[in-house]
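A.B. asks: Let me see the structure of the following:
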Amino acid sequence: MHFVRYHIPIPDPDDPADPVDPVDTDKPVDQPVEKEKEEEKEAKDEAQVTSASGTSNYQNSATSKYIVEEDETGYSFKTDGPVPKIVSISPEGVVVITFDREVFEADLEDVNNGTVLVKKELLPAFQVEVTPGLDSDMENLKFEWVAIEATKRTLTLQLVFENPIFVSAFGEADNLKVTFRDPQLFFSATGYVIPKRYRVLSKRLPRLLPNGAE
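C.D. replies: Okay, here's the model as predicted:
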């Protein structure tokens with residue numbers, strides 16, 4: 001395996017001067033860049049994990065998908081970090097996020113209450129927000145959330161709105177925004193964290209059922 005230098009600007013979601021548009025998970029996830037295809041095939045054929053006990057074969061279902069990342073110094077490298085996607089939001093407010101490869105199961109306490117230091121400010125390690133539509137009033141979109149299940153492939157959240165009947169009720173739909181501020185909450189079996197460009201997700205919120213509805 002060898003590395004190739006590419007200078008691809010990747011914005012920092014925590015830098016106000018370098019905004020990142022959330023990944024709209026209603027659209028297909030970007031495919032690897034053309035220049036990487038040959039090396040991807042090579043990496044897939046050689047996919048192995050070396051441990052203290054020797055070299056054992058390791059085949060990940062998404063090993064062939066690599067993403068170009070860039071570190072703080074501008075050095076570009078390939079990563080097979082997990083790519084999250086919001087796949088569904090139910091009328092009951094259940095949100096299902098999937099990962100395109102297996103991750104080490106996160107501790108729910110860390111997801112729900114963990115914090116991370118960003119530029120001397122303590123922020124939630126994992127954040128869930130609502131972006132209102134043009135005709136929505138944020139006063140009617142107050143809600144709480146909790147992560148209720150984390151597996152090697154999925155993360156499930158429960159949204160609880162004070163007034164769910166107002167969600168996406170007027171013209172333009174409201175959107176759910178999810179930020180993996182601490183990418184190390186979820187990392188692949190090979191030790192790679194979520195790539196920067198996929199740490200902010202967005203998906204349209206559907207109309208929700210009233211509280212207590214069956």
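A.B. asks: So, low pLDDT: which residues of this structure?
C.D. replies: 1-21, 23, 25-65, 69-77, 213-214 (pLDDT under 70).
A.B. asks: Quick one: the strands in it, in order.
C.D. replies: Along the chain, the stretches classed as strands by DSSP state E are 23-24, 48-51, 54-57, 67-70, 76-79, 84-89, 94-99, 115-118, 121-124, 126-131, 143-150, 154-161, 175-180, 200-204.
A.B. asks: Tell me which strands the last one pairs with, and in which orientation.
C.D. replies: For strand 200-204, the paired strands and their directions (DSSP bridges) read strand 23-24 (parallel), strand 175-180 (antiparallel).
A.B. asks: Turn the strands of the chain into JSON lines, including mean neighbour count and distance to P210.
C.D. replies: C-beta here means a position set from N, CA and C on the backbone, and glycine is covered the same way. Output for the strands of the chain, formatted as JSON lines (neighbours: other C-beta atoms under 10 Å; distance: least, C-beta to C-beta, whole Å):
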{"stretch": "strand 23-24", "mean neighbour count": "17", "distance to P210": "28"}
{"stretch": "strand 48-51", "mean neighbour count": "10", "distance to P210": "50"}
{"stretch": "strand 54-57", "mean neighbour count": "8", "distance to P210": "52"}
{"stretch": "strand 67-70", "mean neighbour count": "19", "distance to P210": "41"}
{"stretch": "strand 76-79", "mean neighbour count": "17", "distance to P210": "44"}
{"stretch": "strand 84-89", "mean neighbour count": "18", "distance to P210": "16"}
{"stretch": "strand 94-99", "mean neighbour count": "18", "distance to P210": "16"}
{"stretch": "strand 115-118", "mean neighbour count": "14", "distance to P210": "33"}
{"stretch": "strand 121-124", "mean neighbour count": "12", "distance to P210": "28"}
{"stretch": "strand 126-131", "mean neighbour count": "18", "distance to P210": "18"}
{"stretch": "strand 143-150", "mean neighbour count": "16", "distance to P210": "14"}
{"stretch": "strand 154-161", "mean neighbour count": "19", "distance to P210": "10"}
{"stretch": "strand 175-180", "mean neighbour count": "21", "distance to P210": "19"}
{"stretch": "strand 200-204", "mean neighbour count": "19", "distance to P210": "20"}
